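Asks: Provide a 3D model corresponding to the input given below.
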Amino acid sequence: MSLTTRTSDTTAGTALRDADRAARERARRGRGVRSALHAVGLVVILVATLFPFLWMVSTSLKTTSQITAKPPLLVFQGTLEHYRNILGEQYNVGGSLVNSLIVATSATLLAVLLGTPAAYALARFSFKRKDDLWFWFISNRFMSPVVIVLPVYLMASKLRLIGNPALLVAMYLTFSIPIVVWICTDQFRSIPRELDEAAMVDGATPLTIFARVALPLALPGVVVSSILSFIFNWNELLFALFLTRGDGVTAPVRATNFLSGYDVPWGEIMATGTLIVLPVVVFSLLVSRHLVKGLTMGAIK
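Replies: The predicted structure is shown next:
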């Protein structure tokens, strides 16, 4: 009887081990399937994201006959003919890129210079109508630029400011400063107040605490807001189209000049698009470490 019982226990133990082994095998296969689906999803997203950019760059390096070839050529001998054309006197895209760089950089620097102290004040101090001020900053992003572009154009015409880059910088500040305040306020709020109190015990003034304690710790948020502001300023078309003239136009406005008549110069359009996108890509790659850190800060408490 005891021998029969031990045999039954041994059989049951073997069955349990087999079931456990089968469960681990199913779990391992399930993880493998999920990893494969994850990898496929990433590849699809990567291809969908990079394909338009790679197609634009490759088209800019083709001759006109290669661009219109059917089926499209994937392997070809590249040429810089379209880049030489757009940088010449006929299109003057180089001057427009310089104008965009000056306007976008100036607006971004001023937005950070004015927005970070405002964000620190909203995050650290209590004062009258603070909530209304915060709502005013946020509500600026609610307003469509189309609503105000015509009144701004009429006032600028009366004051003879059309074509003045300072006017364009001032208009870009109206939506760049809210971005900086919006992002940096949360960054300053995430910094422990004990650090401010410790600095005050050592005799630091509020300005010193802001510049030497809070601002370095909020640097990822400042970088993210700077990148977003620069991209918005660099790509902005509506105000630049109404408020710039002649040699003072920005690159997006210059790009629209190709869309006239029946002969569309696809090579020049793609070359101009490549030169417009390239500075943003390089700038984002240079600060990508701070960008990822700033975007993920606050996601995990």
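Asks: Contacts for stretch 85-96, please.
Replies: The contact list for stretch 85-96 (C-beta atoms under 8 Å, 6 or more residues apart in numbering) reads 247, 249-251, 253-254, 257, 265, 267-268, 271-272, 275. Every residue, glycine included, has its C-beta placed from N, CA and C.
Asks: Now restrict the residues you listed to buried residues only.
Replies: By neighbour count, with 16 or more other C-beta atoms under 10 Å, the contacts of stretch 85-96 hold 249-251, 253-254, 265, 267-268, 271-272, 275 as buried.
Asks: Let's see which of the residues you listed end up in helices.
Replies: Residues of the buried ones among the contacts of stretch 85-96 located in helices (DSSP state H): 251, 253-254, 267-268, 271-272, 275.
Asks: Might you report the residue contacts of the residue nearest in space to the middle of the chain?
Replies: With distances taken as C-alpha atoms, centre = their mean, Leu228 lies nearest the centre of the chain, 4.6 Å away. By C-beta under 8 Å, 6+ apart, the contact set of Leu228 is 179, 183.
Asks: Mind doing that once more with 7 Å?
Replies: Ile179 (C-beta atoms under 7 Å, 6 or more residues apart in numbering).
Asks: Using a markdown table, please lay out the ones in helices among the buried ones among the contacts of stretch 85-96 together with pLDDT and distance to Lys130.
Replies: As requested, these are exported to a markdown table (pLDDT from 0 to 100; distance: C-beta to C-beta, whole Å):
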| residue | pLDDT | distance to Lys130 |
| --- | --- | --- |
| Ala251 | 90 | 39 |
| Val253 | 90 | 39 |
| Arg254 | 87 | 43 |
| Gly267 | 88 | 54 |
| Glu268 | 89 | 51 |
| Ala271 | 92 | 50 |
| Thr272 | 91 | 45 |
| Leu275 | 92 | 44 |
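Asks: and of those, the nearest to Val213?
Replies: Comparing these against Val213 with C-beta to C-beta places Ala251 closest, at 39.3 Å.
Asks: Could you tell me which residues make contact with the closest one?
Replies: Contacts of Ala251 were listed using C-beta under 7 Å, 6+ apart, and they are 93, 96-97, 100, 276.
Asks: Nearest to Val44 among these?
Replies: Comparing these against Val44 with C-beta to C-beta picks out Ile276 as the nearest, at 26.6 Å.
Asks: Nearest spatial neighbour of that closest one, chain-adjacent residues omitted?
Replies: Spatially, and ignoring its direct neighbours in sequence, Ile276 is nearest to Ala251 (5.0 Å; C-beta to C-beta, 6 or more residues apart in numbering).
Asks: Check Thr68 too.
Replies: In space, Thr68 is closest to Trp266, 8.0 Å off (C-beta to C-beta, 6+ apart).
Asks: go on, Trp234?
Replies: Ala104 (4.4 Å).
Asks: Please enumerate the strands of the protein.
Replies: Using DSSP state E, the chain contains no strands.
Asks: longest helix anywhere in it?
Replies: As assigned by DSSP H, the longest helix anywhere in the chain is helix 2-60.
Asks: so what secondary structure elements neighbour that one?
Replies: The elements that helix 2-60 packs onto, with contact taken as 3 or more C-beta pairs under 7 Å, 6 or more residues apart in numbering; DSSP states H and E, are helix 266-286.
Asks: Kind regards, and thank you for your time.
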